[in-house]
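Participant: can't give you the sequence, but here's the structure:
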């Protein structure tokens, strides 16, 4: 899925993750793979914030 003519590195991972079929929202398997990449990145970001970032005392 290359809408703007750019070569985004996440497309390689989306093509590999499309076979997992965790999210079957669209008929396009590459788009479902890209959604899977987004969910994985969101989970990693949430876990990093939850466990590794400390609150600053004001």
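Facilitator: Thanks, I have the structure now. Source: prediction; values computed, not measured.
Participant: so what does the helix or strand where residue 34 lies touch, helix or strand wise?
Facilitator: Applying DSSP states H and E as the criterion places residue 34 in helix 29-52. In this structure, helix 29-52 packs against helix 10-17, with contacts taken as 3 or more CB pairs under 8 Å, 6 or more residues apart in numbering; DSSP states H and E. To be clear about C-beta, it is placed using only N, CA and C from the backbone, and glycine gets the same treatment.
Participant: before we move on, the earlier item: quick check: mean pLDDT across the helix holding residue 34?
Facilitator: Helix 29-52 comes out with an average pLDDT of 86.
Participant: report the buried residues of stretch 23-40.
Facilitator: Neighbour counts over stretch 23-40 (16 or more other CB atoms under 10 Å) mark 23, 32-37 as buried.
Participant: of the residues you listed, just say which sits nearest to residue 55.
Facilitator: Nearest to residue 55 among these, counting by CB to CB, is residue 37 at 29.5 Å.
Participant: if I look at residue 53, how far off is residue 47?
Facilitator: According to CB to CB, to the nearest Å, residue 53 stands 11 Å off from residue 47.
Participant: same question, residue 23
Facilitator: 19 Å.
Participant: give me the secondary structure label for residue 27.
Facilitator: Judged by DSSP: H, G, I helix; E, B strand; the rest coil, the three-state class of residue 27 is coil.
Participant: ditto for residue 21
Facilitator: State at residue 21, reduced to three classes by three-state DSSP: coil.
Participant: show the contacting residues for the closest residue to it other than its chain neighbours.
Facilitator: Leaving aside its sequence neighbours, residue 21 sits nearest to residue 32 (CB to CB, 6 or more residues apart in numbering; 7.1 Å). Contacts for residue 32 were tallied using CB atoms under 8 Å, 6 or more residues apart in numbering; they are 18, 21-26.
Participant: what of residue 47?
Facilitator: By CB under 8 Å, 6+ apart, the contact set of residue 47 is empty.
Participant: distance of it from residue 39?
Facilitator: Distance from residue 47 to residue 39, by CB to CB: 13 Å.
Participant: and what of residue 33?
Facilitator: 11 Å.
Participant: good, wrapping up.
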